[in-house]
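Participant: Here is my input, please return the structure:
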Amino acid sequence: MLVNLHVKNFAIIDEIDVDFGSHLNILTGETGAGKSILVGSISIALGARVSPEMIGRHGSHAMVEAVFQIDNEDVLEQIRALDIEPEEGQLVISRKITGNRSVNKINGESVSVAVIRKVASLCIDIHGQHEHQSLLDCERHKDIVDDYGGEECVRLREQISGLYHEYVKRKKDLEQNTMSAEERTRQAGFLEYEKSEIESAALKPGEIEELEENYRLVSNAGAVVEALGEVHRLSGETAAGAVGHGLRRLQEIRSLNPALDGFAEELMQIEGLLGDFNHEISSFMADFSFDENELVEMERRLDCIHTLQSKYGDTYEDIMGHLREVQDQLEKYADFESYQKKKREEYEQICADLLRACETLSAYRKKTAKILEKQIADALQDLNFAHVDFAIEVREREEPGSDGKDEVEFMIATNPGEPRRSLGKIASGGELSRIMLAIKSVFADSDAIETLIFDEIDAGISGRTAQKVSEKMSVLGKRHQIICITHLAQIAAMADHHFVIEKSVTEDSSATRIRPLERPEIEEELARLLGGVEITDAVRENAREMKQMADGCKQYT
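Facilitator: Sure, this is the predicted structure:
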C-alpha cells in the first residue's frame, strides 16, 4: 500500500508530507483547494508526463516521492523480475523534475520512466474520469471478462496469439506464391544464374579471410624487400664497421687502464649481436620471394569473391545461406503444384487449429461472462441501480484476431421496460463511475493491486445513491487500501482515515497543504460538506449523527 507521499515545489504545493493509512482514506476540501493537483502529483510519481510549467516558484525543480509497502509475494516476485529488490517489502519511488528532464529512482537506484510505470502498475490503480470513460471502449469490456477468467483465459489467449501469427504467415506465403507459369519460368532462370555463379566460385570456409591476408602480404612484398635491404646495409656495413673500428681502438688502450676492460666486453657483445642480426636478416631475405603471377591470380580470385559479396552477403556464411535459399526456391518451382498443395494444406491446418482454439475461448468467455454479469448486476443494485438490467454480450466476429473471434460488450438498461443498450449510449458520467466501482468490488478478492485511488467517484450522485456508494467503498476498503477524493458527506463519513486539503492565499501567492483530522475536526468537516454558507448547530448535530451511523454501518459491512 501507499504509506507516504512527499511532494515539494509542485504547482501550488510548496511542500507536503502525508502518511496514508490502511483501508479507506478520504480526502476532502474546498473547491479549488488543490485536490486534483494532489492526485496529479501521485500520477507524476508513478511515471506520468509532466509539463515544466508545473514546477513551483521555489527553485528550479520539483520533487515527488511515494513510499509503498508490498506484502503480496506474487507482486514482489514480479517486481524482482524487473531487476528491482524491495527492501523488506518497501519501495521508494522518487522523481526529480527539472525544466527539460527528470531524474527517476527506485530505492535510490536510477531507473527509466518505463520501469517506474511497470512497477507502479503492480502497486496502485488510479480511477478518475478518464478511467471511467474507458468503459465506453468494447475492447476494455473484453479485457475485463478475460481478467475475470483468470489463468485459463490467459493460457487460451496466448495459444491463440501464437496460432494467429502463424496463420498470418501461412496466408501471406500462400498469397505470395500465386504466379503464372511464365512468371515462374522467368524467376527460375534468374535463380539458376545465381546458383551457377555461386557454385562455380567453389568458395571454401575461411577462404575469404585467408586470401585477403595473403594478398595484403604479397602486394606489399616489394616495399618489404626494399626496406629490409636498407636495414641490412645499415646494420652490416655501417653499424658493424663502426662497432669493429671502436673495438679495435679499445683493444689498443685497454692495457693502459683496467676499467676499460668492461667497455671492451660490452662492445664485443654488441658486435656479436649485430653479427647474429645480419645473419638472420640475410637468411630471411634469401627465403623471402613472391611470384608476380601469384599476385595476379590472387587479384582475380578476390575480384570474383567481391562480386559475390556485393550481391549475396559479406561473409562465406551469408553467401552459402543465399545459395540454400535459391536451391529451396528452385525445388519449389520444379514441382510447383505439389509445393502449392503442401502450402495450402498447411494453411488450412493452421486455420482449423486457430478456429478450434477460438471456439474453445469463446465458450469459456461466454461461461465466464454469465457468472460475471450476475455479480456485476448484484453490485450495481447495491449501488442503488434499483431496476438495473445488465448483461455481457459475447458476439462472434467474421474474422479471427490475435485475441480470438469474439466481440464483448456490456449492455445495460437502468429503467424498467427499457431495452438494454450499449453503455456509451445510455450511461452518464456518474453512472459510469458507479459501474466501475461495481466492477472493482467484484474483482476485490482476486485483484493483487493493493492500492486503489478514486477521483470523481461521486460525480452526479447524491442522497441514497451516495450512501450506497459509501457502503460499497467501505467494503472494498476491507480488502484494499482506498484513497478517495470526494465532495459528499455520506462517503466522507465512512473514512477510516480522513484528510483535509486546504489552500492558503496571500496577496501574491497561494499554497496547498494536507493534514489528517481528529474526531472533532472530522465532524466539523462533515458539517462543512453538509452545510451552506453558515454552519449551524443543527448541521453539526447532523454531521455527528452521520459519523456515528457510518461507524455502526462499518461494523456490519
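Participant: Got the confidence number for Lys118?
Facilitator: Note on Lys118: pLDDT of 90.
Participant: what's the helix or strand for it?
Facilitator: helix 113-123 (DSSP states H and E).
Participant: Give me the next element, helix or strand, following that helix.
Facilitator: Using DSSP H and E, the next helix or strand after helix 113-123 towards the C-terminus is strand 124-127.
Participant: Low-confidence regions, the stretch 151-300 of the chain specifically.
Facilitator: Within the stretch 151-300 of the chain, the stretches with pLDDT under 70 are 176-180, 184, 219-226, 232, 234, 236-238, 240, 285-291.
Participant: that older thread, contacting residues around the helix holding Lys118?
Facilitator: Residues outside helix 113-123 that contact it (C-beta atoms under 8 Å, 6 or more residues apart in numbering): 2, 45-47, 68, 70, 75, 78-79, 82, 84, 91, 93, 95, 102, 104, 106, 448-451. For every residue, glycine as well, the C-beta is placed using N, CA and C.
Participant: again, only using 10 Å
Facilitator: Here helix 113-123 makes contact (C-beta atoms under 10 Å, 6 or more residues apart in numbering) with 1-2, 42-43, 45-49, 66, 68-70, 72, 74-76, 78-79, 81-84, 86, 91, 93-95, 102, 104-106, 109, 111-112, 126, 448-451.
Participant: Lowest average confidence across helices and strands of this protein, where is it?
Facilitator: Using mean pLDDT, DSSP states H and E, helix 129-133 stands out as the lowest-scoring helix or strand of the chain, at a mean of 58.
Participant: Buried by neighbour count: which residues of whatever helix or strand comes next after it qualify?
Facilitator: Per DSSP H and E, helix 129-133 leads on to helix 138-176 as the next helix or strand towards the C-terminus. Residues of helix 138-176 classed as buried by neighbour count (16 or more other C-beta atoms under 10 Å): 138, 141-142, 144-149, 153, 156-157, 159-160, 163-164, 167, 170.
Participant: mind checking how far Gln327 is from Gly321?
Facilitator: Counting by C-beta to C-beta, to the nearest Å, the separation of Gln327 from Gly321 is 11 Å.
Participant: Over to His306?
Facilitator: Counting by C-beta to C-beta, the separation of His306 from Gly321 is 18 Å.
Participant: Would you tell me what helix or strand Lys195 is located in?
Facilitator: For Lys195, the host element (DSSP H and E) is helix 181-201.
Participant: buried set for the helix holding Lys118?
Facilitator: Going by neighbour count (16+ other C-beta under 10 Å), the buried part of helix 113-123 is Val115, Ile116, Lys118, Val119, Ala120, Leu122, Cys123.
Participant: tell me, what residue is most central in the protein?
Facilitator: Central residue of the chain (C-alpha atoms, centre = their mean): Ala114, 5.7 Å from the mean position.
Participant: Show me how far the longest helix seen in the chain is from its chain's centre.
Facilitator: Assignment by DSSP state H gives helix 336-382 as the longest helix of the chain. The chain centre lies 28 Å from the centre of helix 336-382; the measure is C-alpha atoms, centre = their mean, to the nearest Å.
Participant: Quick check: the residue located most distally from the centre of the chain vs Leu250, distance?
Facilitator: Within the chain, the residue lying farthest from the chain centre (C-alpha atoms, centre = their mean) is Leu256, at 88.4 Å. Per C-beta to C-beta, Leu256 is found 11 Å from Leu250.
Participant: Check Asn415 too.
Facilitator: According to C-beta to C-beta, Asn415 stands 124 Å off from Leu250.
Participant: Tell me which of the two has more neighbours.
Facilitator: Neighbour totals were compared for Asn415 and Leu250, and Leu250 leads with 17 against 11 (other C-beta atoms under 10 Å).
Participant: And the helices in the stretch 451-557 of the chain, which stretches?
Facilitator: Applying DSSP state H, counting those that start in this stretch to the stretch 451-557 of the chain gives helices spanning 463-477, 489-492, 519-530, 537-555.
Participant: follow-up on the earlier one: now, which of the contacts of helix 113-123 lie within strands?
Facilitator: The strands, defined by DSSP state E, take in 2, 66, 68-69, 91, 93-95, 102, 104-106, 109, 126, 451 from the contacts of helix 113-123.
Participant: now those residues: which count as buried?
Facilitator: Buried by 16+ other C-beta under 10 Å: 2, 66, 68-69, 91, 93-95, 102, 104, 106, 126, 451, out of the ones in strands among the contacts of helix 113-123.
Participant: Quick one: these as a markdown table, columns for pLDDT and distance to Leu530 too.
Facilitator: Listed next are these as a markdown table, based on pLDDT from 0 to 100; distance: C-beta to C-beta, whole Å:
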| residue | pLDDT | distance to Leu530 |
| --- | --- | --- |
| Leu2 | 93 | 29 |
| Ala66 | 93 | 32 |
| Phe68 | 93 | 35 |
| Gln69 | 93 | 35 |
| Leu91 | 92 | 39 |
| Ile93 | 93 | 37 |
| Ser94 | 92 | 39 |
| Arg95 | 91 | 38 |
| Ser102 | 84 | 42 |
| Asn104 | 90 | 43 |
| Ile106 | 92 | 43 |
| Ile126 | 78 | 28 |
| Thr451 | 87 | 29 |
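Participant: partner strands of the top strand by length along the chain, parallel or antiparallel?
Facilitator: Ranked by residue count under DSSP E, the longest strand found in the chain is strand 389-401. Here strand 389-401 has these sheet partners by DSSP bridges: strand 404-413 (antiparallel).
Participant: Is it correct that Ile483 is in contact with Asn25?
Facilitator: Yes. Under the criterion of C-beta atoms under 10 Å, Ile483 makes contact with Asn25 at 4.7 Å.
Participant: Those two: which is more packed in?
Facilitator: Here Ile483 and Asn25 are compared on neighbour count by other C-beta under 10 Å; more neighbours surround Ile483, at 27 against 24.
Participant: any idea how far Val394 is from Leu156?
Facilitator: 14 Å.
Participant: what residues do these two have in common as contacts?
Facilitator: Ser362, Ala363, Arg365, Gly404.
Participant: Run a quick neighbour tally on the first one.
Facilitator: As a burial measure, the neighbour count of Ser362 was computed by other C-beta under 10 Å and equals 17.
Participant: these two touch, right, it and Arg157?
Facilitator: No. Under the criterion of C-beta under 10 Å, Ser362 is not in contact with Arg157, lying 11.7 Å apart.
Participant: Check the offset of the helix holding Lys118 from the chain's centre.
Facilitator: Chain-centre distance of helix 113-123: 9 Å, with C-alpha atoms, centre = their mean.
Participant: One more: stretch 378-393?
Facilitator: 37 Å.
Participant: What's the end-to-end length of that stretch?
Facilitator: Using C-alpha to C-alpha, to the nearest Å, the end-to-end distance of stretch 378-393 comes out at 17 Å.
Participant: please renumber so the chain begins at 294
Facilitator: In the new count, where the first residue is 294, that last one comes out as stretch 671-686.
Participant: Give the buried residues for it.
Facilitator: Ala672, Leu673, Asp675, Leu676, Asn677, Phe678, Val681, Asp682, Phe683, Ala684, Ile685, Glu686.
Participant: and of those residues, the nearest to Gly352?
Facilitator: Nearest to Gly352 out of the buried residues of stretch 671-686 is Leu676 (C-beta to C-beta; 45.0 Å).
Participant: okay but that closest one is in contact with Ser734, surely?
Facilitator: Yes. Here Leu676 reaches Ser734: they are 8.6 Å apart, a contact under C-beta under 10 Å.
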